[in-house]
Every structure is written in C-alpha cells, then in structure tokens.
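1. mind looking at a prediction? Sequence and model below.
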Amino acid sequence: MSKTKYQRIVLKLSGEALAGEKGYGIDPQTVQAVCQELKEVHELGVEIAIVVGGGNIWRGSIGSQMGMDRAQADYMGMLATVMNALSLQDSLENLGVPSRVQTSIEMRAVAEPYIRRKAIRHLEKQRVVIFAGGTGNPYFTTDTTAALRAAEIEADVILMAKNNVDGVYSADPKLDQSAKKFEHLTHLDVIQKGLKVMDSTASSLSMDNDIPLVVFNLNQPGNIKKVVLGQNIGTTVGNANN
Ligand code: UDP
C-alpha cells in the first residue's frame, strides 16, 4: 500500500473512453479492459472514485446547436453519464471489485443519490465509487464534476485519462509536428495558454483548491497503475508548490 504515490484518486473517464473503435456508444470489451486495469489498482489498496462523462452518447452543446433548449439538452447529457456509470459498475462487479454508483440527480431505483460523507465511507471500505450525472447542473461538464468531487472527497489527484494522447502539448500533435509535450505545467499556465486539459471552470476549481492532475494516455495498457505508482508518464499539472 505504501508503494503508491496516491492513496485516494479521482479518475476522469470521458464517455469516449468507453466507446472503443466505433467512437460512439458503449463497447463492453473496452469497458472491461479499463476495469481490469482498475482492478489492479484496487488491489494496491488505492481508494478509487470515477467521474464518467457522456460524450459517447450525447453532448448538450450538440443538441443546442441543432436548435434544442441548452438546459434540456444538457440534462440529456447528464442522463447519458448514468448509462456509462452502470456499464462500469457491471464490469467492475464481474471482476469482483465492489462498487457503488452515486448520481447527482436522484434515481434511487438504479443508484444511490450523491451523499459526500457516504461516498467517503465507501472509499474507506475499498469500494470503487462511480459519480454519475455530472454536477447535476446544466452548463457544466464532467471535467468540472471531477474537480468538484475531488475537492469534496479530498482526493490526492485527478487522473485525466485521454484517448490516444499521452499528455499536454503546445499544439495538436496530430496537426503540428513541432508540437512539444509538457512534463509539468501549472494550472495558471493551462488557463493562460488556453491548453486543452480541461475546461476553464474545471481548471479554475482545481487551481483554487490545489488539486494536482495527471494527464495521460488511457489507451496504453498499464498506465493507470503507472500513474498511481508515481512513474513519470504524461503531464502533471499543479500549483507552483506541488
Ligand atoms: N453535463 C451537464 N452538467 C454537468 C456534466 C455534464 O450538463 O455537470 C452534460 C453536458 O451536456 C455534457 C454531457 O453532459 O455535454 C456529457 O458530459 P461531458 O461532455 O463532460 O462528457 P465527456 O466529454 O467527458 O464524455
């Protein structure tokens, strides 16, 4: 247990991370692969909370661009995250990892409502806690949810899992060959340089609450464990003092 760098983590999984090669919907094999990695991290005694996105199913901004009311479309996005959370729970339980889903929008037939103290209790009992429904408010994102929940449960770090990108670059490495990868950044750098790490609300919240992030490539097997063990992969983002 003492080998790990972090004891309590928030893993931010985008909806895309569950979609597999199709790029949309839920691919159970992809979900299983992520959960297998989480099982290994769980076996190290690390307390794991997950904030899952919904972009593989629905994004509020897309609905809004197509003429829908933004808040209504955002609520649909929040519901999409619940489907993803249930698929993660299914997979974790198949692997024998105890888990609980907590939703910010009450739906007691499928999950517990979000109760901060109860979430912490679950973590202490080595249950993986999956936070679904985002913040419960339209106009926010699940990145902001990750920053908010990390602050609330006093997580040591947010693991920002990215698809096929191994950190934060000065420009899009797929479009610009001269793009440089950063090893370390401050939250202020991210905000001032407009780097694509998380949205600005989430960055500000992480900065104000002094929560470090590690941005890493989820598609490289074993990476979640490497981050937890403190190996230098990806990009770390923190305040000047961490
Ligand atoms: N959403 C929201 N409030 C929140 C979190 C999410 O309204 O607190 C909605 C929003 O419409 C968003 C969708 O849920 O587009 C899916 O979340 P997100 O885009 O963060 O998912 P990801 O990109 O991580 O898959």
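-> Now that the structure is in, tell me what you want to look at. As the structure is a computational prediction, the values presented were derived from the model and not from experiment.
2. for the ligand, what are the nearby residues on this structure?
-> Applying Cβ under 6 Å from any ligand atom, one finds that the chain approaches the ligand through 14-16, 53-55, 59-61, 74, 77-78, 80-81, 134-135, 137-138, 140-143, 145. Just so you know, the C-beta spots here come from the backbone N, C-alpha and C atoms, and that holds for glycine as well.
3. buried ones among those residues?
-> Neighbour-count burial (16 or more other Cβ atoms under 10 Å) is assigned, among the residues of the chain next to the ligand, to 14-16, 53-55, 59-60, 74, 77-78, 80-81, 134-135, 138, 140-143, 145.
4. can you tell me which residues contact residue 218?
-> Residue 218 makes contacts with 13, 17, 34, 161-163, 224, as judged by Cβ atoms under 8 Å, 6 or more residues apart in numbering.
5. for the top helix by length along the chain, the averaged confidence score.
-> Longest helix in the chain, counting residues (DSSP state H): helix 70-94. Mean pLDDT, helix 70-94: 98.
6. how about the residue nearest to the spatial centre of the chain, secondary structure?
-> Taking Cα atoms, centre = their mean, the centroid of the chain lies closest to residue 12, which sits 0.5 Å from it. Counting by DSSP: H, G, I helix; E, B strand; the rest coil, the backbone at residue 12 sits in strand.
7. and the nearest residue to it once chain neighbours are set aside, how many neighbours?
-> Closest residue to residue 12 apart from its sequence neighbours, by Cβ to Cβ, 6 or more residues apart in numbering: residue 146 at 4.0 Å. Neighbourhood size, residue 146 [other Cβ atoms under 10 Å]: 31.
8. repeat for residue 108
-> Neighbour tally, residue 108, other Cβ under 10 Å: 8.
9. could you do residue 139 as well?
-> Counted with other Cβ under 10 Å, the neighbours of residue 139 add up to 12.
10. for residue 200, what are its contacts?
-> Residues in contact with residue 200 (Cβ under 8 Å, 6+ apart) are residue 191.
11. quick one: residue 104 and residue 78, what's the gap?
-> For residue 104, the distance to residue 78 (Cβ to Cβ, to the nearest Å) stands at 7 Å.
12. kindly report the same for residue 92.
-> Per Cβ to Cβ, residue 92 is found 21 Å from residue 78.
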